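Participant: Okay, sequence plus prediction incoming.
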Amino acid sequence: MFELIFVTSRSAAFELANRNEYHAPAPFDVFLDGVLWRKDITTNIFSLFGLAPDHAYEINIAGDAILFRTDPETASVDVRSHGAKGDGLTDDTLAVQAAITSCPWGGRVWIPEGIYRVYPLFLKSGVTIELAKGAILLGQTDRKNYPVLPALRQKWDGSAYPLSSWEGETQPTCASVLTALEVRQARIIGEGIVDANAQHSDWWSEPRAMRDGAFRAKGIFFSQCDDIAIHGITLQNTPSWALHPFFCKNISYIDMKVINPKDSPNTDGCDPECCDGVRLLGVDFSVGDDCIAIKSGKFDLGMRYQTPSAHITIRNCRMADGHGAVVLGSEMSGGIRDLSVTRCLFAGTDRGLRIKTRRGRGESAVIDGVTFEQIRMDGVLTPFVINMYYFCDADGKTEYVWSKEKQKIDDRTPRLGKFVFRDIVCVNAQVAAGYFYGLPERPIGSVTIENVSVAFAADALPGYPAMMSHIEPMCKSGWFFRFVDQVVLKNVEVTGQDGPAVIRQDVKSFRTATTKPR
């Protein structure tokens with residue numbers, strides 16, 4: 001069985017119905033209107049491109065067929081008709097931007113095979129941009145030619161709202177190779193590549209410094225947008241965060257790749273910030289920092305606007321090589337709620353499912369309603385981490401942050417609610433099975449771990465389970481819980497650990513069921 005999960009005028013995406021993590025149970029072929037269209041597909045989510053607009057199709061997989069119809073299209077605009085060369089030498093910025101600007105609502109901008117050297121391009125509401133297979137949008141390297149996005153946009157009445165941010169604060173940033181500001185119903189689709197080309201510029205030097213009045217560009221940046229989707233493309237070599245939707249609604253990333261060198265600074269894969277309704281389906285990440293990091297601003301941004309990141313679905317994705325696979329925080333002062341992560345594969349990340357916050361994030365910094373299930377981890381050093389003492393930033397190593405003495409609860413105290421980890425297999429772990437450390441004045445609310453197994457690599461090396469001050473390295477350690485109100489372990493198995501399977505301190509309620517054979 002399979003279903004249609006996304007469609008445009010020229011493309012469609014589908015998802016197999018099974019319990020496998022990211023990969024299909026076996027390779028399969030796809031027939032479109034009785035003709036073999038794609039062969040030996042190996043992933044649960046797959047896509048079709050090169051379709052005709054407003055056309056009915058039948059798709060068949062091993063005798064299982066469904067009907068679907070592509071969206072209508074008002075016009076098709078070829079960037080070459082506006083002077084784009086795609087020769088890898090010409091500055092094609094104005095030509096491609098002219099094609100986008102001239103395209104009517106419901107139309108498509110077609111970028112054929114070629115290398116198009118560009119500075120930031122700005123999306124338009126109601127317009128689809130399609131990159132053909134072999135098409136590359138290549139970011140040019142002189143950051144002085146990147147427009148600056150102001151931190152705030154002024155309204156007619158003198159008030160302002162956030163337009164751009166840097167690491168959880170409203171700050172001016174350079175525009176990104178693809179930028180959308182207050183755009184509605186836009187699409188970026190195709191089999192082409194958006195290469196921000198950061199490795200050939202100075203984006204990765206002095207990575208946290210403001211230069212020429214702005215912080216680094218992102219890869220693809222959306223601000224104050226609604227109903228935007230990216231389908232199929234590869235995004236690579238980004239100056240900082242690859243995908244950054246900021247104060248957006250109804251954003252989808254479907255069957256695409258995000259690739260950054262493992263040693264590139266702060267090149268997270270996707271960082272939804274103060275967003276409502278985000279889907280990441282079938283995305284393949286290999287990046288230099290966290291693969292997915294869900295955020296909602298540091299203290300001022302979060303407390304002022306109190307806009308949580310909410311209703312987020314992550315499914316059938318692969319996360320590789322980053323610091324964390326799926327991360328919540330640490331800039332989460334607006335809160336995070338209603339998050340579901342299912343049927344994903346984590347490979348070689350430092351941590352798997354990682355929640356990080358600390359004193360100072362604020363009383364609106366609430367994380368609740370989080371479920372992680374049907375996940376496989378291979379080579380993840382510490383599969384599960386909840387850390388309320390995260391030590392990055394200038395104030396991160398102060399006694400106020402690291403102290404384990406009970407502090408007064410005030411408007412700077414964050415809260416972590418209910419977390420469920422279910423049906424997860426972890427192999428070749430190294431540091432610890434899980435590390436959960438709450439605040440003495442406000443413990444983690446509830447942690448339920450059910451049908452979870454962790455097996456350690458025979459040649460495991462010691463490391464730090466969490467980024468917090470004054471802890472010792474661990475190696476092959478079991479489950480650690482401190483300052484948690486309720487822990488429930490049901491059918492949990494740890495193999496190859498040194499020492500006890502569970503260590504708990506200051507846990508109010510601890511329940512466990514007899515481990516069953518898996």
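Facilitator: Perfect, I can see it now.
Participant: can you pull out the helices in the stretch 51-200 of the chain?
Facilitator: Secondary structure of the stretch 51-200 of the chain by DSSP state H, counting those that start in this stretch: the helices cover 93-102.
Participant: where does it dip in pLDDT?
Facilitator: The model of the stretch 51-200 of the chain has no residue with pLDDT under 70.
Participant: Would you check how far apart the residue nearest to Ile41 when sequence neighbours are not counted and Leu4 are?
Facilitator: Distances taken as Cβ to Cβ, 6 or more residues apart in numbering place Phe28 nearest to Ile41, at 5.6 Å, with adjacent residues excluded. For every residue, glycine as well, the C-beta is placed using N, CA and C. Noted for Phe28: a distance of 16 Å to Leu4, by Cβ to Cβ, to the nearest Å.
Participant: try Phe299
Facilitator: The gap separating Phe299 from Leu4 is 42 Å, by Cβ to Cβ.
Participant: And the strands in the stretch 301-450 of the chain, which stretches?
Facilitator: Counting by DSSP state E, counting those that start in this stretch, the segments of the stretch 301-450 of the chain that form strands are 309-315, 318-320, 324-329, 336-347, 351-356, 366-378, 382-387, 415-416, 418-429, 432-437, 444-456.
Participant: so what secondary structure elements neighbour the second one?
Facilitator: The elements that strand 318-320 packs onto, with contact taken as 3 or more Cβ pairs under 8 Å, 6 or more residues apart in numbering; DSSP states H and E, are strand 284-286, strand 336-347.
Participant: The shortest one - what's its average pLDDT?
Facilitator: Per-residue pLDDT values over strand 284-286 give a mean of 97.
Participant: List of residues touching it?
Facilitator: 256-260, 262, 269-270, 291-292, 317-322 (Cβ atoms under 8 Å, 6 or more residues apart in numbering).
Participant: Could you tell me the average pLDDT over the longest strand anywhere in the chain, please?
Facilitator: Taking residue count as the measure and DSSP state E as the definition, the longest strand of the chain comes out as strand 477-495. Mean pLDDT, computed over strand 477-495, is 97.
Participant: Starting from that strand, tell me which strands it pairs with and how they run.
Facilitator: When pairs are called by DSSP bridges, strand 477-495 turns out to pair with strand 432-437 (parallel), strand 444-456 (parallel), strand 502-512 (parallel).
Participant: most packed of the ones you listed?
Facilitator: Ranked by mean neighbour count, the strands paired with strand 477-495 are led by strand 432-437 with a mean of 26 (mean count of other Cβ atoms under 10 Å).
Participant: nearest to Gly334, of the strands paired with strand 477-495?
Facilitator: Judged by Cβ to Cβ, the one of those that comes nearest to Gly334 is strand 444-456, at 18.5 Å.
Participant: so for that closest one, what's the average pLDDT?
Facilitator: Regarding strand 444-456, the rounded mean pLDDT is 97.
Participant: what about dumping the CA coordinates of that strand to CSV?
Facilitator: Once non-C-alpha atoms are left out, strand 444-456 reads as follows in CSV (Å, rounded to 0.1, in the frame of the first residue of the first chain):
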residue,chain,number,x,y,z
ILE,A,444,11.6,16.9,33.7
GLY,A,445,8.0,16.0,33.9
SER,A,446,7.6,12.5,32.4
VAL,A,447,9.8,10.2,30.4
THR,A,448,8.3,7.0,29.0
ILE,A,449,10.7,4.5,27.2
GLU,A,450,8.9,1.5,25.7
ASN,A,451,10.2,-1.3,23.4
VAL,A,452,13.7,0.2,23.2
SER,A,453,17.0,-1.6,22.8
VAL,A,454,20.5,-0.2,23.0
ALA,A,455,23.6,-2.2,22.1
PHE,A,456,27.1,-0.9,22.6
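Participant: That one vs strand 382-387, what angle?
Facilitator: Compare the direction of strand 444-456 with that of strand 382-387 by axes from the mean of the first three to the mean of the last three Cα atoms, to 10 degrees and you get 160 degrees.
Participant: Could you tell me how far the longest strand of the chain lies from the centre of the chain?
Facilitator: Relative to its parent chain, strand 477-495 has a centroid offset of 27 Å by Cα atoms, centre = their mean, to the nearest Å.
Participant: cool, stretch 332-351 as well?
Facilitator: Its chain's C-alpha centre and that of stretch 332-351 lie 8 Å apart, by Cα atoms, centre = their mean.
Participant: Quick check: buried residues in that stretch?
Facilitator: Along stretch 332-351, these residues count as buried under the neighbour rule (16 or more other Cβ atoms under 10 Å): 332-339, 341-351.
Participant: what's the average pLDDT for that stretch?
Facilitator: If you average the pLDDT over stretch 332-351, you get 95.
Participant: Start and end of it, how far apart?
Facilitator: Start to finish, the residues bounding stretch 332-351 are 19 Å apart (Cα to Cα, to the nearest Å).
Participant: What about the closest residue in space to Thr90 that isn't next to it in sequence, how many residues nearby?
Facilitator: If you skip the residues right next to it in sequence, Thr90 has Arg117 as its closest partner in space, 6.6 Å away by Cβ to Cβ, 6+ apart. Arg117 is flanked by 22 other residues according to other Cβ atoms under 10 Å.
Participant: For Arg117, give me its contacts.
Facilitator: Listed by Cβ under 8 Å, 6+ apart, the contact set of Arg117 reads 88-93, 138, 140.
Participant: The same query, at a cut-off of 7 Å, please.
Facilitator: Contacts for Arg117 were tallied using Cβ atoms under 7 Å, 6 or more residues apart in numbering; they are 88, 90-92, 138, 140.
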